[in-house]
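1. build the 3D model from these lines:
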Amino acid sequence: MDGQVQVKMTTFALSEAHVGVEDVWVRYYGLGGCISLFEVQSYLAGLLVLPPLERNLLAEATNELLESRAVHLRVPFDAEDDADASVEDSRKGLGAAGAFLFSAGEQETERLAALDRTQLLDSVPEARFDRYTQQATEYFRVSSSIVALLDDRRMFLKSVIGPVEQNLPREITFCHATIRSAGPLIVTDALEDDRFSTNPLVVGEPFIRFYAGHPLRGPGGWIVGTLCVIDQKPRDFSGHDERFLRNLARLVEDEINA
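-> Numbering: from 1, shown residues only. Model prediction:
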């Protein structure tokens, strides 16, 4: 594990969780750490190099604090990687948790590699996915429900109910916007939404008015597709609806990563 990767992951995680360095130092000291608060601050500022043992204690202290926050990031330990691994290998080993270390182009390369590892692209329909699109259709009472995988140019429908065309160009799909979000994309009335009001899938077949999509994470935590529901009538979307969609998406992710 490259020390700079641990530093960047620690500072990013603390910022996301709104945790102070002083809190980390107190927890680190309680775990048996022996360096001063000033040295921890210098380390996180990139001014001091620490041995793996101290870095791992700081990672453990940080991760313990993150467990009580609504943050899914974790700082990796030195022992998790081969001692001879390159910095590039260390970055890639972090998966989507280390996305901030990559450029936008590198992130897309990693995302497409994760999609390839699923071996689901262009595969035949499977009941294990169809059961979730069926549940989504029945719960939301919509015309269409899909499990979609997006490569660099198109949207492949692993499971579909309703009038949604296979292999649509990725750029015109609502799912293209969904995979760029950390959470669900909800469009209650596409004709009233400036992002989509002139979209060919809104003004033409299948005349989308309502869309709710949740990103699906594959290997390494990279977003490889979406679970979404579509209808030709605008509708509201409640907090309970969002929880149902999120929980269903987690089940689909389990199948993707099985």
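2. and His214, how far from Phe38?
-> Computed as C-beta to C-beta, to the nearest Å, the His214 to Phe38 distance reads 45 Å. For glycine as for every other residue, the C-beta is placed from the backbone atoms N, C-alpha and C.
3. then His212 would be within a strand, right?
-> Small correction: residue 212 is Ala, not His. Yes: counting by DSSP: H, G, I helix; E, B strand; the rest coil, Ala212 falls inside a strand.
4. helices of the protein, start to end?
-> Counting by DSSP state H, one finds helices in the chain at the ranges 3-17, 21-30, 37-44, 52-66, 87-93, 104-118, 127-140, 174-178, 200-203, 239-256.
5. buried stuff in the longest one?
-> Judged by neighbour count using 16 or more other C-beta atoms under 10 Å, the buried positions of helix 239-256 are 241, 244-245, 248-249, 252-253, 255-256.
6. and the shortest one, by the same measure?
-> Residues of helix 200-203 classed as buried: 201-202 (neighbour count, 16+ other C-beta under 10 Å).
7. got a list of contacts for stretch 158-172?
-> Applying C-beta atoms under 8 Å, 6 or more residues apart in numbering, the contact partners of stretch 158-172 are 120, 123, 125-126, 129-130, 132-134, 137, 142-157, 176, 199-201, 205-206, 225, 230.
8. now, these that are in strands?
-> Mapping those onto strands (DSSP state E) picks out 144-150, 154-157, 225, 230.
9. any stretches of the stretch 51-200 of the chain with poor pLDDT?
-> Flagging of the stretch 51-200 of the chain using pLDDT under 70 yields the residue ranges 70, 79-94, 97.
10. show me the contacts for Gly225.
-> Contact partners of Gly225, counting by C-beta under 8 Å, 6+ apart, are 115, 147-150, 158, 175, 179, 215-216, 218, 256.
11. go again with 7 Å.
-> 147-150, 216 (C-beta atoms under 7 Å, 6 or more residues apart in numbering).
12. what's the most distant pair in these?
-> The distance between the two most remote of the contacts of Gly225 (C-beta to C-beta) is 11.3 Å, for Val147 and Leu150.
13. report the contact partners of Leu251.
-> By C-beta under 7 Å, 6+ apart, the contact list for Leu251 reads Tyr132.
14. of the contacts of stretch 158-172, select the buried ones using a ChimeraX command.
-> Here is the ChimeraX command that selects the buried residues among the contacts of stretch 158-172 (16+ other C-beta under 10 Å):
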select :120,129,130,132,133,137,142,143,144,145,146,147,148,149,150,151,154,155,156,157,176,199,201,206,225,230
